[in-house]
Every structure is written in C-alpha cells, then in structure tokens.
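> mind looking at a prediction? Sequence and model below.
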Amino acid sequence: MIESSDYYSECDSRAVTLSDVKNNIDTINEFAQSNGYNVFWRGQANHEWGLVSSLVRKLALAAVVNNALLDRVEQALLDEASRWISDLRDQVYINPLAKLAYLQHNSIPTRLIDFTLKPWMAVFFAAESHDNVDGRIFAIMVNDTDLINVTPQGTPWRTYNTKEVKIYDPNKAGLVFPRLAAQGGVLALGRLPSTKPYRIAYDKFLDKPRSLLAGEVRRILSIPFKLSKFDPASTTSPIPARATTPIGLTFRLHVDKDSIRRDLAGMPGRNISPKSEKATHSIVYPDASGMVAHSKILQGLERGVLVL
C-alpha cells in the first residue's frame with residue numbers, strides 16, 4: 001500500500017533553513033504571478049500526513065469513502081446542525097456552504113480543507129507542534145474562475161468535475177470568523193479525486209513506481225489536484241511550465257521548529273519572515289478558547305506552576 005510520504009517524495013523538496021523556506025515561497029509566488037494564478041497555502045505539522053479533510057478522514061475509519069457516501073453524510077450533518085445550532089438560523093447562514101464554513105470554524109468535520117492567503121501563516125502551522133517531526137507546506141494554484149467570493153445557493157460542489165478545486169473565501173462572502181480573518185483563511189473544496197490524472201509513486205513492495213489505486217489516492221488527498229515536481233534549486237524550471245491548474249506543490253520543512261516560531265514572533269536575532277506576516281498564538285487564535293489553549297499563564301496554572 002502506497003502511503004502519503006511515498007506520493008510526496010516524487011514531487012518533494014526539502015527546506016533546511018529559514019532562508020530556504022523564504023526562497024521556496026518566493027519561487028512559488030513568482031511562478032503564480034507570472035502565470036496569472038492565485039496561490040494559497042497550507043501547513044501541516046507532520047510531513048507524513050495526508051491532505052485530507054476532517055470528514056473524509058473520519059469516514060474512512062468506518063467505511064470505504066466515495067462521493068455518494070460523502071454527500072449523504074454531509075447532508076445529514078447539515079440537517080442536524082440546522083436543527084441543533086441556533087447561530088445557523090441567522091440569514092447569513094441560509095446557504096449550505098455558509099453552514100459548512102461555520103461548522104469547519106467550530107471544529108465539526110466537513111469536506112472543507114483550510115488554506116491561507118499568507119504563506120508564513122502556513123509555515124506557522126507547520127511549525128506549531130510535533131517539534132521532533134518535519135513539517136510540510138502545500139501550495140495550490142488556481143485560476144480566477146475557481147474563486148468563490150459570494151456564497152452560492154445549493155450544493156454545486158457535488159456536481160463538480162473530478163479535476164475541479166474551488167477556493168471559498170468566507171470573509172469576502174460576508175461571514176465573520178475572527179480566527180479565519182486573523183489567519184487569512186480560505187477553504188478548499190471539491191469532489192473526491194479519481195485515478196485520473198494518473199498519480200505515480202514508488203511501491204516498496206513491487207520495487208518500482210506505479211499509478212495509485214483509487215483507495216490510495218483518497219487516503220492521501222480528498223480534493224482532486226495532482227502534485228507537480230518542485231525543484232527550487234533549478235534556475236530554469238523549478239516548476240514544470242506544462243503544469244495546469246489546479247497545480248499542487250509541496251516541500252518538507254526540515255528546520256528547527258522553535259527557531260521558526262521565534263522568527264515569526266519577531267524575537268531578537270535573525271529575522272527571515274516579513275514583519276507584515278508575524279504570527280504568534282495570540283495573533284492566530286484571537287479568542288477566549290485560543291487563550292485557554294495557548295496562554296502560558298493558564299498552561300502553567302494547569303501544571304501548578306506560576307508563570308508571570
């Protein structure tokens with residue numbers, strides 16, 4: 001069985017310093033700008049994790065996931081949430097995608113995957129935890145026509161084609177989520193990926209590369225893009241010119257995570273990240289639950305230690 005890391009390794013690069021991280025971000029941004037693409041970012045604290053939504057990940061524990069099952073469970077959750085959560089009676093949440101954004105924001109599983117407009121915010125999330133494990137950064141490039149800035153009626157994503165990925169911006173659609181605004185957050189959505197376009201990875205058992213099976217693809221990805229090779233050291237073609245949207249890119253973050261957090265907090269020393277993209281827990285989680293989870297004073301009190 002091919003795992004996420006097997007698939008990533010075919011298209012992977014590794015950033016071993018903060019300067020490498022900056023160079024990778026700049027390279028991707030320049031490619032996107034020169035081709036008229038929109039680029040969005042995601043950071044994951046463990047480089048081996050799949051790029052899979054919370055709902056698909058949980059469904060996979062109970063059943064073989066397909067689009068029909070995903071649609072049915074999603075609708076059941078939307079129906080239950082509409083009865084259960086009084087906030088969703090507000091007119092702003094009348095459409096299903098607005099409801100899904102609310103559920104995602106409140107840690108209820110959905111098909112949506114969090115991305116951000118801010119590359120260094122993605123770096124923060126990749127370095128936020130799991131200090132003994134490399135993080136991973138994803139970038140996805142889409143066209144203007146793939147942006148959703150006004151909440152649609154109905155559930156059009158259930159009839160997207162199998163290569164289509166859309167990026168929904170709840171903030172532009174008039175939904176107010178303080179965390180999402182602070183994080184520059186957007187939400188990626190689409191149907192489950194199929195086996196086409198072919199995704200290739202090295203099979204250790206067969207000792208050769210092969211195409212991924214449908215079940216393997218969906219354990220690794222729950223939105224239908226294909227990773228392209230990314231070689232930031234190449235001066236001629238760091239990203240294949242023939243790549244077509246939605247373009248997926250990834251690189252592994254092999255940098256001391258505490259040094260990344262210090263840099264993003266603007267602490268004295270060598271600062272690589274832009275001042276405009278500083279990130280700390282109080283910036284990223286600007287609410288009471290964020291304070292409960294990350295306040296050093298409250299964390300100390302939980303351990304019986306006074307931290308002032």
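Received the coordinates, thanks.
> and the lowest-mean-pLDDT helix or strand in the chain, what's buried?
The weakest-scoring helix or strand in the chain, judged by mean pLDDT, DSSP states H and E, is strand 200-203 (a mean of 87). Using 16 or more other Cβ atoms under 10 Å as the test for burial, strand 200-203 gives 200-201, 203. In this view, the C-beta of every residue, glycine as well, is placed from N, C-alpha and C.
> with adjacent residues omitted, what lies nearest to Phe139?
Careful, residue 139 is Ala and not Phe. Spatially, and ignoring its direct neighbours in sequence, Ala139 is nearest to Leu249 (4.5 Å; Cβ to Cβ, 6 or more residues apart in numbering).
> quick check: the one you found is in a strand.
Yes. The assignment for Leu249 is a strand, going by DSSP: H, G, I helix; E, B strand; the rest coil.
> counting neighbours, what do you get for it?
Leu249: 28 surrounding residues under other Cβ atoms under 10 Å.
> what is the helix or strand where Leu187 lies packed up against?
Take DSSP states H and E as the rule and Leu187 turns out to sit in strand 185-189. The helices and strands touching strand 185-189, judged by 3 or more Cβ pairs under 8 Å, 6 or more residues apart in numbering; DSSP states H and E, are helix 96-105, strand 113-116, strand 166-168.
> contact partners of that strand?
Residues outside strand 185-189 that contact it (Cβ atoms under 8 Å, 6 or more residues apart in numbering) are 40, 97, 100-101, 104, 111-117, 140, 157, 165-171, 177, 179, 223.
> how close does Pro119 sit to Asp12?
18 Å (Cβ to Cβ, to the nearest Å).
> neighbour count winner among those two?
Neighbour tally, Pro119 and Asp12, criterion other Cβ under 10 Å: the higher count belongs to Pro119, 26 against 18.
> residues contacting the more buried one?
25, 28-29, 41, 137, 139, 277.
> just list the residues touching Arg199, thanks.
Arg199 touches 7, 211-212, 217, 226-227, counting by Cβ under 8 Å, 6+ apart.
> over to the nearest residue to Leu213 once chain neighbours are set aside. Which of the three states is it?
The spatial neighbour of Leu213 that comes closest, neighbours along the chain excluded (Cβ to Cβ, 6+ apart), is Thr195 at 6.9 Å. Under three-state DSSP, the three-state class of Thr195 is coil.
> tell me how far Thr195 lies from Leu212.
Counting by Cβ to Cβ, the gap from Thr195 to Leu212 is 7 Å.
> could you pull out the helices for the stretch 151-300 of the chain?
Counting by DSSP state H, counting those that start in this stretch, residue ranges of the helices within the stretch 151-300 of the chain are 178-183, 214-220, 257-264, 281-284, 288-294, 296-302.
> which one of the ones you listed lies closest to Leu88?
Minimum separation from Leu88 across these (Cβ to Cβ) falls at helix 178-183, 16.6 Å.
> in that closest one, what's buried?
Neighbour counts over helix 178-183 (16+ other Cβ under 10 Å) mark 180, 182-183 as buried.
> what of stretch 286-294?
Gly290.
> so for that stretch, mean pLDDT?
Averaging pLDDT along stretch 286-294 yields 93.
> and for stretch 122-132?
The pLDDT scores in stretch 122-132 average 97.
> check stretch 1-20 too.
If you average the pLDDT over stretch 1-20, you get 92.
> from the chain's centre, how far out does that stretch sit?
15 Å (Cα atoms, centre = their mean, to the nearest Å).
> how many residues are close by the spatially closest residue to Asn149 that is not a sequence neighbour?
In space, and not counting its chain neighbours, Asn149 is closest to Lys172: 4.1 Å by Cβ to Cβ, 6+ apart. Other residues near Lys172 come to 13 when the count uses other Cβ under 10 Å.
> thought Lys172 was touching Thr151?
No. Using Cβ atoms under 8 Å, Lys172 makes no contact with Thr151, being 9.7 Å away.
> one step back: just the buried residues out of the contacts of Pro119, in ChimeraX syntax.
Buried residues within the contacts of Pro119, by 16+ other Cβ under 10 Å, are selected in ChimeraX with:
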select :25,28,41,137,139,277
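> of all the contacts of Pro119, which comes closest to Ser237?
The shortest gap between Ser237 and any of the contacts of Pro119 belongs to Ile28, at 13.4 Å (Cβ to Cβ).
> who are the contact partners of the closest one?
Taking Cβ under 8 Å, 6+ apart, we find Ile28 in contact with 39, 119, 139, 230, 239, 249.
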